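Trainee: my questions are about this predicted structure, shown below with the sequence.
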Amino acid sequence: VNFTMTRSSLQSQTLDQVLKVERPDTERKRTDLMKIQGEFRIRLRTLEKLLLQALNESTGNILDDDKVINTLETLKKEAAEITRKVEETDVVMREVEQVTAEYLPIAQACSSVFFIVEQLNLVNHFYQFSLSFFLDIFDYILHHNPNLQGVTDYTRRRQILFDDLFLIVFKRTSRALLHQDHAMLAMLLAQAKLRGTEDLTDEYEFLLESGEGVLVTSDPDPELAFLSAEQQARLTSFAKHPIFASVLEHVKNNQDEWATFVQTPDPQNNVPVPWEPTSRMLPHIFFPLVMLICALPAIHKAMQYVLLTKCFRPERLVQSADSFSRLVFEKDLSAESDYNLADMVSKEVVPTTPLALVSVTGYDASYRVESLVANAGVKCAQVAMGSQEGFSLADQAIAVAARQGTWVLLKNVHLAPSWLGQLEKKLQTLNPNRNFRLFLTMEANPVIPVNILRQSRVLMNEPPPGIKANLLDSLRGIPQGRLSQ
């Protein structure tokens with residue numbers, strides 16, 4: 001038996017959940033109708049069996065057998081009554097299907113988003129996300145979403161659910177990603193959000209596939225002297241694709257405009273337009289996506305800018321991708337990846353979910369936990385892993401803390417990959433105090449078992465990129481009480 005979650009099964013599961021919370025009346029009608037229709041089918045089968053039984057027991061001329069005739073009359077009457085009731089339920093079912101269709105885009109988005117997140121492990125061994133991780137996010141959006149408080153309009157609530165699904169998934173998933181992969185996640189989620197309004201499939205495929213194996217020719221085109229040899233090679237290669245077919249001619253006919261684009265320090269303000277205005281709208285648009293229609297021309301231009309940047313200004317590719325995702329999500333996602341460890345411990349994770357702080361080589365994240373312990377004033381046992389003695393101490397510390405509701409910090413668990421397999425099984429049977437928390441610190445080493453990563457809430461730790469990010473990270477480590485002094 002294959003128990004793997006499929007797109008259709010996850011879509012059905014999330015659709016049922018959202019209808020139960022948002023439209024319990026519709027969900028109740030749908031459930032009742034399914035029950036009634038099942039009863040109708042059972043009754044018809046019963047009548048058919050009675051008729052077959054009467055025919056089987058009949059002797060002589062069937063038309064002279066009163067039992068057969070009476071059974072036929074009963075079957076005719078009840079079949080007519082059932083047909084009438086089915087027609088009545090069909091009217092109600094159409095109403096239910098109409099309401100259900102309004103929430104279908106949310107369920108479709110859930111299915112798309114989960115499989116995007118689930119396949120991130122192809123990029124990095126530590127990008128492991130389980131179904132329970134996604135369902136925790138979905139449960140938060142449905143039941144604990146502060147943006148839904150006080151909102152009673154169904155249309156507005158659907159829009160909030162749809163938008164927050166992508167933002168919360170990015171926020172919680174990006175914590176486990178290296179900074180260099182944040183733009184990739186944002187672009188993948190943007191593609192899923194735009195699905196149904198703007199068909200950018202060809203552009204996305206071109207963005208991911210173009211540029212591989214481009215060789216610099218020894219004889220550059222003199223007409224394009226303002227382009228470097230690498231830029232000319234990429235342009236020639238890209239122009240073989242239908243999407244970029246018109247760009248080469250436009251570059252030759254508008255050299256001053258393109259020279260400015262490739263030389264200016266702010267290319268986003270000097271973007272040439274080598275394509276004819278177009279918007280390939282899909283024929284059927286569900287409501288939660290309709291809000292994006294007014295922004296479609298800008299979104300399409302932003303994607304074109306990303307493609308042009310990859311060809312002519314690859315050093316600005318990440319910035320152009322950030323601009324595209326900011327337009328799609330109407331938020332600066334770089335701020336969404338920040339997290340407060342104290343809030344995660346108190347509001348997001350359950351006692352049986354470890355917090356795994358993964359660090360790049362040369363960076364130690366244990367200070368984050370130690371600072372949190374000092375600020376919260378909780379008891380925390382610390383154990384350095386790597387020896388048989390450490391394994392025994394860790395087992396004892398977990399057993400005591402689970403019983404008393406205290407915390408445990410296990411350092412350098414990448415030195416004990418075999419013991420982590422035992423820990424995974426232990427956590428599945430552990431029934432800890434609700435205040436118990438387990439922290440694991442480790443280097444980004446692929447020896448860490450996949451199952452413990454999927455069971456944990458992973459937090460990737462690396463030196464923040466840039467001076468500003470480093471300053472903000474340092475300031476966030478200062479207790480609020482000390483700042484107020």
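Mentor: Yes, it's here. Fair warning: this is a prediction, and the values are worked out from it, not measured in the lab. Numbers count the residues shown, from 1 in each chain.
Trainee: how about the strands in this protein?
Mentor: Remark: strands assigned in the chain by DSSP state E are 355-359, 380-384, 407-411, 437-443, 457-461.
Trainee: residue 88 is nearest to which of the ones you listed?
Mentor: Nearest to residue 88 among these is strand 457-461; the distance by C-beta to C-beta comes to 50.3 Å. In short, each C-beta sits where N, CA and C put it, glycine included.
Trainee: contact partners of that closest one?
Mentor: Residues outside strand 457-461 that contact it (C-beta atoms under 8 Å, 6 or more residues apart in numbering) are 126, 128, 133, 175-178, 339, 341, 344, 348-349, 353-360, 363, 365, 368, 444.
Trainee: that strand: how far from the chain's middle?
Mentor: Remark: strand 457-461 is offset 17 Å from the chain centroid, using C-alpha atoms, centre = their mean, to the nearest Å.
Trainee: for stretch 362-382, same thing?
Mentor: Relative to its parent chain, stretch 362-382 has a centroid offset of 30 Å by C-alpha atoms, centre = their mean.
Trainee: and it, C-alpha only, in CSV?
Mentor: Extracted C-alpha coordinates of stretch 362-382, given in CSV (Å, rounded to 0.1, in the frame of the first residue of the first chain):
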residue,chain,number,x,y,z
GLY,A,362,33.3,28.3,12.0
TYR,A,363,30.0,29.7,13.4
ASP,A,364,28.6,28.6,16.8
ALA,A,365,24.9,29.2,17.4
SER,A,366,24.8,27.8,21.0
TYR,A,367,25.1,31.4,22.3
ARG,A,368,21.5,32.1,21.1
VAL,A,369,20.2,29.4,23.4
GLU,A,370,22.4,30.4,26.3
SER,A,371,21.2,34.0,25.9
LEU,A,372,17.6,32.9,25.8
VAL,A,373,18.1,30.7,29.0
ALA,A,374,19.6,33.7,30.8
ASN,A,375,16.8,36.1,29.8
ALA,A,376,14.0,33.6,30.5
GLY,A,377,15.5,32.4,33.8
VAL,A,378,14.8,28.8,33.1
LYS,A,379,16.9,25.7,34.1
CYS,A,380,18.8,24.2,31.2
ALA,A,381,21.1,21.2,31.3
GLN,A,382,24.0,21.4,28.8
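Trainee: what's it in contact with?
Mentor: 341-342, 345, 357-359, 397, 400-401, 404, 406-411, 439, 441, 459, 461-463, 477, 479.
Trainee: now do 7 Å
Mentor: Applying C-beta atoms under 7 Å, 6 or more residues apart in numbering, the contact partners of stretch 362-382 are 341-342, 357, 359, 397, 401, 406-409, 411, 439, 441, 461-463, 477, 479.
Trainee: what of stretch 406-414?
Mentor: Here stretch 406-414 makes contact (C-beta under 7 Å, 6+ apart) with 366, 369, 373, 378-386, 394, 397-398, 401, 420, 436-443, 445, 447-448.
Trainee: repeat that for 8 Å
Mentor: Counting by C-beta under 8 Å, 6+ apart, residues outside stretch 406-414 touching it are 366, 369-370, 373, 378-386, 394, 397-398, 400-401, 419-420, 435-443, 445, 447-448.
Trainee: just stretch 71-84 next, same as before
Mentor: Outside stretch 71-84, the residues that touch it by C-beta under 8 Å, 6+ apart are 40, 43-44, 47-48, 50-51, 54.
Trainee: list the buried residues for it?
Mentor: Judged by neighbour count using 16 or more other C-beta atoms under 10 Å, the buried positions of stretch 71-84 are 71, 75, 82.
Trainee: and of the residues you listed, the nearest to residue 8?
Mentor: For the buried residues of stretch 71-84, the nearest to residue 8 is residue 82 (30.6 Å; C-beta to C-beta).
Trainee: okay, that closest one: pLDDT?
Mentor: Note on residue 82: pLDDT of 77.
Trainee: and what of the one 3 residues further on?
Mentor: According to the per-residue confidence, residue 85 scores 74 in pLDDT.
Trainee: on that earlier part again, looking at the strands of the chain, which is nearest to residue 252?
Mentor: Among the strands of the chain, strand 457-461 sits nearest to residue 252 (C-beta to C-beta), with 45.3 Å.
Trainee: residue 120 touches residue 189, doesn't it?
Mentor: No - using C-beta atoms under 8 Å, residue 120 is not in contact with residue 189; the gap is 11.2 Å.
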